[in-house]
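Asker: dropping the sequence and predicted coords here.
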Amino acid sequence: MTGGPCLLIAQEEEKILTGDVSTQETTEQSAKYFYVTTPIYYVNDVPHIGHAYTTVAADVLARWHRLKGDRVYFLTGTDEHGLKVARSADEHGVTPQEWVDKVAPRFQEVWDLLDISHDDFIRTTASHHKVGVEKLLNALKDSGDLYLADYEGLYCVRCEAYYKADELIDSGGVEGAGHLCPIHKMPVEQLSERNWFFRLSAYGDRILAHIEANPDFVQPDTRRNEVIGFIKQGLEDMSFSRTSVTWGVPFPFDPEHVAYVWPDALANYMTAVGYGTDDARFERDWPATVHIVGKDILRFHAVLWPAMLMAAGLDLPKKVFAHGWLLVGGEKMSKSRANQIHPEDLVKEFGADCYRYYFLRDVSFGPDGSFSWEAMLDRYNNDLANDLGNLASRVLNMVESYLGGVAPEVESPKSEHIQALHESFATAYETYADLLEKLDFDDALVALWGFFRACNRFVEDTAPWHLAKSEDPADAVRLKEVLYTGLDALRLAAILVSPIMPGAARRLWDKLGLPASPDTPPLSETLKWGHFPPGTKVTKGEALFPRKLASS
């Protein structure tokens with residue numbers, strides 16, 4: 001994000017913590033627009049945890065901005081054209097359309113399983129998308145940046161991309177393998193045909209100037225440096241059409257050619273918000289705030305996509321954030337390596353909330369990271385069952401035992417322990433909110449869990465079980481103050497954890513007997529101490545996160 005919005009966020013957070021927020025200011029801040037996208041995923045195979053890693057991160061951002069009261073649009077979907085999809089369909093003995101109609105719903109099923117709150121699921125076979133792609137191709141031709149030429153090159157079908165010979169890796173002596181794609185480690189193919197080319201070489205200096213003027217345009221910094229280095233090596237024009245493939249969007253001015261999969265796919269970010277079909281909406285909702293992508297497709301999003309938009313005279317997205325790969329056994333997941341792990345297998349064992357928490361807490365969102373079943377079990381038992389789950393159980397159990405399960409009415413408590421907890425919350429929230437905005441999810445969760453641990457220390461330090469045994473009337477008042485503060489802390493915990501673990505937040509909210517839901521915006525109205533309604537009936541019920549044994 002740029003400095004201006006960050007300053008506004010900081011000012012808003014200060015007002016939240018002090019309670020100094022006017023209705024007019026809240027309304028104005030709620031008008032902020034946030035448009036987040038995932039890549040659209042190839043439908044040559046079913047989704048694995050790598051796809052879900054990106055999508056959960058985008059969902060957390062979308063939920064966070066909704067919680068703040070922003071107007072949010074969250075887009076995901078499937079990329080259904082191209083040679084790779086056509087070959088997958090042929091391997092399964094069906095037409096390409098039959099194949100994509102079978103696989104695309106699998107992505108939607110997994111997103112439902114993971115509690116993904118996308119506003120739209122776009123498919124590149126949709127009619128409105130085709131209209132937008134045709135409009136973009138016409139715009140590129142009108143700009144003079146499309147031209148016909150013959151091309152021959154080394155092509156990776158899985159990447160849907162051409163490679164230079166010096167970008168390939170050696171086959172290691174495998175007979176008949178030839179040179180291999182650096183990402184998939186599969187043989188490339190020699191392709192030759194007459195194509196429409198996009199004049200990408202004309203846009204290197206303009207893209208560099210944009211990156212220099214907008215340092216946050218490509219993030220994190222290591223990826224920005226990678227993009228700058230790539231551009232400075234010199235950009236080559238790119239083949240934008242195919243005649244050997246019929247599965248795609250035909251060029252409106254040359255129907256014998258179909259669009260290369262990347263200009264088709266990248267256009268989805270605009271066609272979803274009205275490009276080619278709803279000018280008023282497109283004018284209102286473009287550009288995107290952030291594209292979240294994997295590092296293997298960074299160059300398409302941070303070099304090709306900006307060049308296309310510049311050629312068409314359109315605004316660029318505000319940010320492209322490229323995360324690393326999820327590795328299994330030290331390697332990127334791939335169908336060809338038979339090392340894919342599917343989300344439903346982990347959700348069955350740990351639940352969707354732990355799934356979402358683990359991948360954002362245990363894998364830094366930027367560099368490569370490794371999945372570990374043992375690490376996921378540790379996070380479940382230590383962070384979820386112990387820190388958060390045990391806190392909820394202790395507080396709710398004591399309210400049931402000592403106060404008949406009813407939230408007490410208290411004066412504004414001002415004890416030393418309570419004030420210290422309020423200060424701990426203020427520090428944790430400020431850090432958590434700032435880091436979420438920067439997509440630094442693991443450090444954001446460290447900060448939030450710091451508050452949960454402070455809550456557990458508060459319970460130990462105030463010892464409600466001793467206060468409950470005392471016959472001193474002053475201790476009876478203190479008992480109510482302590483337990484009321486504990487309930488209020490759980491209410492705040494449910495609100496702040498809701499973007500990360502929406503299911504757990506809802507379950508905790510229900511235990512607290514509160515109306516509406518924990519993700520009701522805006523934060524400026526909900527994130528204040530002393531707002532737990534006295535007289536509310538609470539229920540301990542089952543553990544929020546029952547402990548798991550290593551052998552389960």
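Answerer: Right, received. Where do you want to start?
Asker: where do the helices sit along the stretch 401-550 of the chain?
Answerer: Remark: helices assigned in the stretch 401-550 of the chain by DSSP state H, counting those that start in this stretch are 416-437, 441-462, 464-469, 473-497, 502-511, 523-526.
Asker: list the buried residues of the last one.
Answerer: Yep, that's helix 523-526 we're talking about. Using 16 or more other C-beta atoms under 10 Å as the test for burial, helix 523-526 gives Leu523, Ser524, Thr526. (Each C-beta comes from the backbone N, C-alpha and C, glycine too.)
Asker: pop out the phi and psi values for the residue located most distally from the centre of the chain.
Answerer: Within the chain, the residue lying farthest from the chain centre (C-alpha atoms, centre = their mean) is Glu471, at 52.9 Å. Backbone torsions of Glu471, given as degrees, to the nearest 10, read phi -100, psi 0.
Asker: for Thr95, which of the helices of the stretch 401-550 of the chain is the nearest?
Answerer: Among those, the nearest to Thr95 by C-beta to C-beta is helix 502-511 (38.0 Å).
Asker: quick one: residues in contact with the closest one.
Answerer: With C-beta atoms under 8 Å, 6 or more residues apart in numbering as the test, helix 502-511 has contacts from 63, 115, 117, 351-353, 384, 388, 392, 396, 490-491, 493-495, 497-498, 517-519, 538-541, 544-545.
Asker: 7 Å - rerun?
Answerer: 63, 115, 352-353, 392, 396, 490, 494, 497-498, 517-519, 538-541, 544 (C-beta atoms under 7 Å, 6 or more residues apart in numbering).
Asker: with stretch 122-134 instead?
Answerer: With C-beta under 7 Å, 6+ apart as the test, stretch 122-134 has contacts from 40, 75, 77-81, 97, 100, 104, 249, 252, 259, 264-265, 267-268, 270-272, 275-277.
Asker: how far is that stretch from where the chain is centred?
Answerer: Mean-position distance between stretch 122-134 and its chain equals 24 Å (C-alpha atoms, centre = their mean, to the nearest Å).
Asker: could you give the mean pLDDT of it?
Answerer: In this model, stretch 122-134 has a mean pLDDT of 98.
Asker: columns distance to Leu439 on top of the buried residues of helix 523-526, output as a markdown table?
Answerer: Formatted as a markdown table, the buried residues of helix 523-526 follow (distance: C-beta to C-beta, whole Å):
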| residue | distance to Leu439 |
| --- | --- |
| Leu523 | 19 |
| Ser524 | 23 |
| Thr526 | 24 |
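Asker: switch these over to a markdown table; also include pLDDT and distance to Glu91.
Answerer: Putting these into a markdown table (pLDDT from 0 to 100; distance: C-beta to C-beta, whole Å) gives the following:
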| residue | pLDDT | distance to Glu91 |
| --- | --- | --- |
| Leu523 | 92 | 50 |
| Ser524 | 88 | 54 |
| Thr526 | 92 | 52 |
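Asker: got the contact list for Thr289?
Answerer: Phe34, Tyr35, Val36, Lys318, Lys319.
Asker: quick one: which of those residues is most hemmed in?
Answerer: Highest neighbour count within these: Val36, with 26 neighbours (other C-beta atoms under 10 Å).
Asker: was I right about that residue contacting Val290?
Answerer: Yes: with contact defined as C-beta atoms under 7 Å, Val36 counts as touching Val290 (5.3 Å).
Asker: which residues are common contacts for these two?
Answerer: Shared contacts of Val36 and Val290 (C-beta under 7 Å, 6+ apart): none.
Asker: which stretches of the stretch 451-552 of the chain aren't confidently modelled?
Answerer: Low-confidence segments of the stretch 451-552 of the chain (pLDDT under 70): 551-552.
Asker: residues in contact with Gly450?
Answerer: Counted by C-beta under 7 Å, 6+ apart, Gly450 has contacts Ala428.
Asker: from Asp383, how far off is it?
Answerer: 12 Å (C-beta to C-beta, to the nearest Å).
Asker: same question for Leu479.
Answerer: From Leu479 to Asp383 the distance is 29 Å (C-beta to C-beta).
Asker: higher neighbour count, these two?
Answerer: Between Leu479 and Asp383, counted using other C-beta under 10 Å, Leu479 has the larger neighbour count: 24 against 21.
Asker: can you name the residues that contact the residue lying closest to the more buried one once chain neighbours are set aside?
Answerer: Of all residues not flanking Leu479 in the chain, Leu467 sits nearest, at 4.0 Å (C-beta to C-beta, 6 or more residues apart in numbering). Counting by C-beta under 7 Å, 6+ apart, Leu467 touches Asp475, Arg478, Leu479, Val482.
Asker: since that was my last question, I'll sign off now.
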